[in-house]
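Peer 1: heads up, no residue letters with this:
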């Protein structure tokens with residue numbers, strides 16, 4: 001069996017953004033990627049509005065659950081090829097040392113749980129965030145460095161071509177982005193697997 005790339009998504013409570021990214025990568029390219037997610041302060045359950053975003057067309061939702069990132073640091077933990085932080089509180093300065101020293105990327109999205117937001121507006125924020133993650137995961141799948149399966153199971157640093165010495169992410173052509181942020185995407189944008197996000201605007205995540 002051809003080995004797949006193992007990707008771990010991180011967010012503080014592993015109940016929204018990292019869960020959605022895990023589900024989307026598994027759904028869109030499960031034949032090439034094994035997707036996982038975790039966080040330092042895992043919630044008791046996946047946020048209901050995150051599940052609502054996944055419900056229309058994502059299979060395997062029953063296996064999604066918040067997990068501690070310590071589950072991926074032990075001797076018998078799966079060796080990740082790439083770790084992607086979706087929250088500044090779990091970036092390279094805060095994350096533990098994962099076995100195999102995988103490469104680290106950072107994607108940043110707006111916080112859908114911002115304080116003082118009415119319920120109807122919060123639903124809209126979740127919808128917008130979902131499509132942002134769809135867009136970014138779709139672009140990631142198309143990066144040429146992940147087009148072929150890893151040559152050897154022992155290779156841990158498959159992300160070297162995806163990260164510059166400054167820790168910047170790369171676009172699909174291999175050129176470094178100006179920063180690590182994801183351009184805002186409207187809720188109505190269609191999924192376009194070949195689109196690389198622009199870098200003229202950024203979103204931030206505070207939770």
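Peer 2: Alright, I've got the coordinates. The structure presented is a predicted model; accordingly, all values stated were derived computationally and were not measured.

Peer 1: wait, doesn't residue 83 sit right on residue 100?
Peer 2: No. Taking contacts as CB atoms under 8 Å, residue 83 lies outside contact range of residue 100: 10.1 Å. All C-beta spots, glycine's among them, are computed from the backbone N, C-alpha and C.

Peer 1: the more surrounded of those two?
Peer 2: Comparing residue 83 with residue 100 by neighbour count (other CB atoms under 10 Å), the higher total belongs to residue 83, at 25 against 16.

Peer 1: how about the secondary structure of the more buried one?
Peer 2: Following DSSP: H, G, I helix; E, B strand; the rest coil, residue 83 is assigned to strand.

Peer 1: same check, this time on residue 7
Peer 2: Under three-state DSSP, residue 7 comes out as strand.

Peer 1: show me the strands in the protein, by range?
Peer 2: For the chain, applying DSSP state E gives strands covering 5-10, 33-38, 82-85, 103-106.

Peer 1: distance to residue 141 for those strands - can I get that in a markdown table?
Peer 2: Formatted as a markdown table, these follow (distance: least, CB to CB, whole Å):
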| stretch | distance to residue 141 |
| --- | --- |
| strand 5-10 | 10 |
| strand 33-38 | 8 |
| strand 82-85 | 12 |
| strand 103-106 | 14 |
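
Peer 1: which one of the ones you listed lies closest to residue 65?
Peer 2: Closest approach to residue 65 among the strands of the chain is made by strand 33-38 (9.3 Å; CB to CB).

Peer 1: could you say what helices and strands the closest one packs with?
Peer 2: With contacts taken as 3 or more CB pairs under 8 Å, 6 or more residues apart in numbering; DSSP states H and E, strand 33-38 sits against strand 5-10, helix 17-29.
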